[in-house]
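Trainee: Predicted structure and sequence below. I'll ask about it afterward.
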Amino acid sequence: MSDDSSHDNTQQASVATLWLDWPCTNPICKVITVHSRDFQITMSEITYNALCLHRGNSHKADCWIASVIAEVDTLHNVAIEGYIRIMMRVIFDDDNGSFVR
């Protein structure tokens with residue numbers, strides 16, 4: 001019988017990289033931990049500043065991102081990226097696509 005716990009720890013230790021804007025000018029990189037898994041979030045400074053303004057400050061913006069990731073953290077990284085983008089469009093009520101594409 002093999003010990004699968006070492007494999008699980010290796011998966012947990014890896015950092016998932018999520019790009020919320022592409023191409024990204026003046027990127028902001030944040031590492032956010034959700035359920036003992038690290039996610040490296042990269043987005044443009046413009047998008048992050050808009051999110052901070054909408055949420056109230058950077059701490060609240062980071063907490064909002066973490067809560068959105070927690071809703072779907074068992075999905076593939078591409079699905080998580082897409083879900084965050086959709087949720088950002090919802091909160092910005094962005095009709096012209098200026099913040100998140």
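Mentor: Received it, and whenever you're ready, just let me know what you need.
Trainee: count of neighbours near Leu18?
Mentor: Using other CB atoms under 10 Å, the number of residues around Leu18 comes to 22. Backbone N, C-alpha and C define where each C-beta goes, glycine included.
Trainee: That one and Tyr83 touch, don't they?
Mentor: No: using CB atoms under 8 Å as the test, Leu18 is too far from Tyr83 to be in contact (10.0 Å).
Trainee: Leaving out the residues flanking it, which one is nearest to the most centrally placed residue in the chain?
Mentor: Closest to where the C-alpha atoms of the chain average out (CA atoms, centre = their mean) is Ile41, at 4.8 Å. Take Ile41 and drop its neighbours on the chain: the residue closest to it by CB to CB, 6 or more residues apart in numbering is Lys30, 4.7 Å away.
Trainee: right, and the one you found touches Thr47 too?
Mentor: No: applying CB under 8 Å as the test, Lys30 and Thr47 come out as separate, 11.8 Å apart.
Trainee: and those two? which has more neighbours close in?
Mentor: Thr47 (21 against 16).
Trainee: Next secondary structure after the helix or strand hosting that one?
Mentor: Using DSSP states H and E, Thr47 falls within helix 45-55. As assigned by DSSP H and E, the chain's next helix or strand after helix 45-55 is helix 58-72.
Trainee: Give me the contacts around the following helix or strand past that next one.
Mentor: Next helix or strand after helix 58-72 toward the C-terminus (DSSP H and E): helix 77-92. Here helix 77-92 makes contact (CB atoms under 8 Å, 6 or more residues apart in numbering) with 16-20, 39, 47, 50-51, 54, 65, 68-69, 71-73, 75, 94, 99-101.
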